[in-house]
Structure formats: C-alpha cells, structure tokens
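A.B. asks: Task: produce atomic coordinates for the following.
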Amino acid sequence: MIRLNDITKEILSYHPKADTTLVEKAYVYSAKVHQGQIRLSGEPYLSHPLEVAHILAQMKMDVVCIAAGLLHDTIEDTKATLEEIETLFGPETARIVDGVTKISKMQFSNREQRQAENIRKMILAMSSDIRVILVKLADRLHNMSTLGYHPPEKQRLIAKETLDIYAPLAGRMGIYWMKSRLEDLCLYYLEPAIYNRIKEEIARKRGEREKFIKEVRQTIASKLEQHGIKAHVKGRHKHFYSIYKKMREQNLAPNQVYDVVAFRVIVNSIKECYEALGHIHAMWKPIPQRFKDYISLPKPNMYQSLHTTVVGPVGEIMEIQIRTWEMDAVAEQGIAAHWKYKEGVKAKESDEEQFAWLRQLLEYHQSLKDPVEFLESVRMDLFPNEVYVFTPKGEVKEFPKGATPIDFAYSIHSEVGHHCMGAKVNGRMVSLKYQLKTGDMVEIITSSKAHPSKDWLELAKTPRARNRIRQWINRQERQESIALGKAILEREVAEAKLDLPNPTKNELLQEVAKELSFHSVDDLLAQIGFGKISPKQVIGRLRTRLGVKEEKVPGFVSKLVHKLKRRKEGHGIQVRGVGDMLVRFANCCHPLPGEDVVGYITRGRGITVHHKGCKQIMSADPDRLVEISWNSSDEEVYLAKLRITSLDRKGILADISSIIAKRDANIIQAEVTTTSDKKGIALFTMEVKDYEHLHQIIDELKKLKNILLVERL
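C.D. replies: Predicted coordinates for the structure are as follows:
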C-alpha cells in the first residue's frame, strides 16, 4: 500500500520548496473518517485515496490538488460535510472535492441518463477548476486497476463507461499514458480472450523484440550523433488496445499486426526535430500516408511532436515520434503541464484559450437540458471520427465516420444485413449510400428477395459488415461455379465420347476428386467453374479409369493442335502457388514476356493474363486478381499489334514488311488505309518472342524514312 511518505517524497522531487502540511493534514483527516471501512479487495478503504493522491503526485500536481485527492470520497462515503472540508482545508480544496463527489442520489430512468448526469457534474465542476477532472481520472484509474474484485457484470459496465468517456477524456487532455492504461484495463475486462491472445503473442516474441528495440535505439542515437544531434531515444511495445484496434479495423490476427514497436526521439530544439526526421528518413524508407507534423499544427490539447512510420531493419514497420524535451513534458503531463497552481497561482487566461474544446463542453452543459442529448454531444467532441446512432428501441450503436445503413443492418444480425433493401432515418426513407450522423434513429427495411451485391463492399465501413458481405458473395459464387463446372464437365465428357452417364454423380468422379486433393465432387466442380482446374485434367483421369486411350492426331495437324492448345492454355505463365491451370492472354492489351502482368480469374475459362497497366484490370474485382510470372521458352511466340502512321510513299509497305521479317517476326494480319491528307495507316498483327523483341522491331521501324509514328495497340 502507498504510504504518506511516498506521496510527500514525490512532491518534493519536482517542487522542493512545497509546503506539504496541507497534504499531511488531509491524510490524517481521511484516515479518521474512513476508519473501519474496507474495500472489496479486503484492504482498508484508505488505500484508495492514498493511491489516487500518489497518481496525482506522479502527474506533478500541486499540494491543493493532491490534498483533494486524499479527500475526494469523504463527503460521499463518510459523515464528513462540505462545510467541514472548507473550514479545515480552505475553499479551493473544498471546491475540488465537491466537484469529484460521486453521482448524487437522484434516480434516473436509465443508464444513459445516469452516465450523462455524472459527466454533466464533472463538466460543471471543471468550469471553476480543471483539477476536478484530473482527480476524477486518477480515481477512475485506480478503480479500474482493482476492478477484478467486482462481479463480472459490474466489471463490464464500469469498463464500458471508462472506454466511452474517461479514456478519451484523458486523451483529449493530453495525458496519453493514462489513456493507454485505461484502455488496456478496459480491454482486459471487455475482451479477455483477445487481450490474452495479444499478451501471449507479445510474450512469445518479447526476447526477439527487446533485442530489436535495443539495436534500433543504438542505430538512431549513433546516426544523429554523427550529425551533431544529441538525442535521447526510447523504445517500447505499443499498448494492447492500440494493437486490438488495428486487429479490428483491418481484420487481423495478433501475429499479423506488424507495427507493434514504437520509438521516441527527444532532442533539444525544434530545428533538431526536423533535422533528425531527415536523417531517419535517409536511413529507412518512410510510409508517406503515416507522417504527421503536430509541431507546425499542434493538437487542440497543445500536444506537439513529429510522427513518422518507416520500414526499418528486416522489413519491420515501426512508428517514430520526434520531439523536444518541453514537448515531451507536455505529452506526459498533458493539460496539467499548462494549468499550474503552484503556490496558489491560477492558470492565465491565455492558457485557457488554448483549450477551446473545454469551453465547447461547458457550452454543451449550459445549452442542453436533456441528459442523453448532452451525453451524445460530449461523445461527439471526444470521438470526432465516430458517430452514435439509435435503434428504434433507443439502444445506442457506435460506428466509424462514413458508416452507412448497411453497417447498421449487419450490426443487428447477419440475416438482417443480407436481406436489407432500404432504411428509414428519423422516419424518412434514405438510400443505402446515406452516411449516418450522430443522433440519427435508424430502422432497417428487409425483403426475402434482397441480397448483398459487390457494390456494398464500397459502402460498408465496418469490418463486420464487409466480412459478412464477402462471405455471402463467396458462397453465391461457389454455387454458381459448381453449376458452371458441372455444365463444362458434362460437355467435355460428351465431346470425349466417354461412356459415363450422369458423370457428376459417378463414383469415378469421386475418386478423381480425391486424387486431386478435393474433399468432395462439389469442391472439384467449383474449381472447374472458377477456372482453377482444367476439365482436361479430369477427362484424362477418367479415361485412365475407363481404360480408354486418347486418339493420336498425326503429322502436321498434331503440331498445329499442340500449338493452338499451348497458346490457349497459356504455356509460359506460372501462377504463384498453383499448377495446371487454364491460362489465356487478354485481347485488350496482348501482354508480352518481360512486361509486368497480373492474372484475372474468369469463371469457366481459367486465368486471363493482362498487362498491369491495362485499363480493364484497373476496375476489376481485386478478389479475383492473382500473382503470376513469366516462365517462357525460346519456342513460344505471342501476339502483338502495331499501328504505323507514315507519309503515303510508294514502297513503304514493302520496307515495313521487310524489317519485320528480318527481325524474325511473323505477320499474321495486315490492314492498310490511306487518309485524305495523304498519310498511310497500317495495322499489323504479328508473332513476337517477348517485349524486348517487339521493341527492337519498333526501334527499326522508327528509323525508316517517312515514318511518322509507331504505336503498340
């Protein structure tokens, strides 16, 4: 248990001339009135005010604030009166104690109103003294750390309230260490399974990461020292709740969250902050979207720092914060660094003007009489990137900014989401593109005929909704692919003239499916329909089982069939992680070996190979794109198209054909037209070996006399 000596020692460490008499007197009084009271943990009740006072001392608060921390529960939980507190400890201490006194004994109709009235009381008290909220936060932090002694239902209730109000309030006040601790404690009680998974994952890699942190710290410090910058570098694991948020936002497992390490670089001047940033970016590649300059544009709570995320050693993504010592003090103490009450000196007006958001909260208090409306206003200020809407029964639901009725529908139930056909917001019909606003009352309209579409993936913002939509689409595509695969296989069986009635129900097909490592015939048919398995593979295995030999086509015809088959099935392309696939080349862009390509899964026709810059592939479904690479041989040829614009000179067509022939390219088709302004336009379709071969031809053609333009189509 914390002792009085621990508190006074902490005070004197940052304010050596402080008069701790008031704190000592408050300790004696608190011990007297709380005598005989026991907490659920079995400890004397006095342990709680002592812990609260110690937290305030660690925040470097003044003696009045710390004394109020020792006395904050006396009016509510003992026979002490406000008048007695004011007489013994002065009006300033009494005002803070009164401000943090727990919610009055008024009865409210529901939990929302109780919570709102509690926050209203804090806001009212803050209008006279900001230290009220600092004591309240310290009180909540210690209560959260001893929450395990409460029944599970109460644990969740208190944790939810803390996550809704107190943690973001600590963040808005700039006390980020407290915000992090509150969030982690809330996660422990609200999502214990996820909390333990994250903890186990971090523990599993702790030794490896500690070594990594040490090496990176030394690397940064040495690099900056080489350039004359003296820096103090800290490294740490990100707190659990920030990892959980990333898991939830990106639908990741704990071991898939990579940027779990953060570093802080503290230097002596603003100039050195920017210089250090430059040197760090010279060492490691920065991620542009993750850079924030809070020095030029401080947060509303006056937090200042440079934030950058880089791809560090061994590809590890790491966040780095760069700030001065003064900025670091503000980041650690938050609002307390600006509200100084040392030796009775109150905050200056200029300081208070820096915290416009606090004045906004006070305006909410004065203008909004309805407790629930007031609470929503406070939430909107604390969570500017989140919206709070109501169900028809009055339940509050939280969504990210930009969420739509689709997100709302899936938050109720997957089936409601799947059959959502429209929504009413505040009694009026809206489209599914409507962006929800805080305070909206939302009602979902369903129909058994309605179902998700791929467009919904663009409209949905929550991971839950997007996952459910994807699952439904995948299920539908599987059913369609099975039907298509069945039709394709039956057609191939008929063309192969196999004596196999009702082939998709035949036991031989079950054997083939097992041989190809599929759990069922439906799995095999789905892969045929989706283009991942060639029906020819299945026909070959069925022939073997039926003892039917494939007809041999001799001579020239055999070679021609082989060539056509090879082109049809995309010989020369390797699909990453998959073999024996139907592959064909797109007619829109005619990709060539040596160019960057991507594969697009086409139902029933396997993979279509496109150039990565092809316009058609830019708007394609990303879920159907696969990584592919070239695996061509010298024997293979590919189609390419050229458009050649020239002056209408006699013999120029022969010159063009001659160059193409000399470069060992075969012309498949040629079209030539003459324009009214005496220009010739020739379209050539030819066979080339690869991208380099084509460009050699283009370069030669450009050197010809009277050639104006050579374009690849």
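A.B. asks: List the contacts of residue 538.
C.D. replies: Shown in contact with residue 538 (C-beta atoms under 8 Å, 6 or more residues apart in numbering): 489, 492, 509, 512, 516, 524, 528. C-betas here are computed from N, CA, C, even on glycine.
A.B. asks: List buried residues within those.
C.D. replies: Buried by 16 or more other C-beta atoms under 10 Å: 489, 492, 509, 512, 524, 528, out of the contacts of residue 538.
A.B. asks: so what secondary structure elements neighbour the helix or strand harbouring residue 442?
C.D. replies: Taking DSSP states H and E as the definition, residue 442 sits inside strand 442-446. Here strand 442-446 touches helix 405-412, strand 420-425, going by 3 or more C-beta pairs under 8 Å, 6 or more residues apart in numbering; DSSP states H and E.
A.B. asks: what helix or strand is residue 629 on?
C.D. replies: Using DSSP H and E, residue 629 sits in strand 628-630.
A.B. asks: Then residue 180?
C.D. replies: Residue 180 belongs to helix 176-190, assigned by DSSP H and E.
A.B. asks: and the next element down the chain from that helix?
C.D. replies: Next in sequence after helix 176-190, counting helices and strands by DSSP H and E, comes helix 192-204.
A.B. asks: Report the buried residues of that following helix.
C.D. replies: Of the residues in helix 192-204, 194, 195, 197, 198, 201, 202 count as buried by neighbour count, 16+ other C-beta under 10 Å.
A.B. asks: In PDB, list the C-alpha atoms belonging to that helix.
C.D. replies: Provided in PDB are the C-alpha atoms of helix 192-204 (Å, rounded to 0.1, in the frame of the first residue of the first chain):
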ATOM      1  CA  PRO A 192     -10.500 -11.100 -22.100                       C
ATOM      2  CA  ALA A 193      -9.800 -13.700 -24.800                       C
ATOM      3  CA  ILE A 194      -8.400 -11.200 -27.300                       C
ATOM      4  CA  TYR A 195      -6.400  -9.500 -24.500                       C
ATOM      5  CA  ASN A 196      -4.700 -12.800 -23.600                       C
ATOM      6  CA  ARG A 197      -4.000 -13.700 -27.200                       C
ATOM      7  CA  ILE A 198      -2.200 -10.300 -27.700                       C
ATOM      8  CA  LYS A 199      -0.400 -10.800 -24.400                       C
ATOM      9  CA  GLU A 200       0.800 -14.300 -25.400                       C
ATOM     10  CA  GLU A 201       1.900 -13.100 -28.900                       C
ATOM     11  CA  ILE A 202       3.900 -10.300 -27.400                       C
ATOM     12  CA  ALA A 203       5.400 -12.500 -24.700                       C
ATOM     13  CA  ARG A 204       6.300 -15.100 -27.300                       C
END
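A.B. asks: what is the orientation angle of the helix or strand just after that helix with helix 192-204?
C.D. replies: Scanning forward in sequence from helix 192-204 by DSSP H and E, the next helix or strand is helix 206-226. With axes from the mean of the first three to the mean of the last three C-alpha atoms, to 10 degrees applied, the angle from helix 206-226 to helix 192-204 works out at 60 degrees.
A.B. asks: before we move on, the earlier item: in helices, which of the contacts of residue 538 fall?
C.D. replies: Among the contacts of residue 538, DSSP state H puts 489, 492, 509, 512, 524, 528 in helices.
A.B. asks: Adding pLDDT, write those out as JSON lines.
C.D. replies: Compiled in JSON lines, the ones in helices among the contacts of residue 538 are given as follows (pLDDT from 0 to 100):
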{"residue": "489", "pLDDT": "81"}
{"residue": "492", "pLDDT": "80"}
{"residue": "509", "pLDDT": "83"}
{"residue": "512", "pLDDT": "82"}
{"residue": "524", "pLDDT": "84"}
{"residue": "528", "pLDDT": "78"}
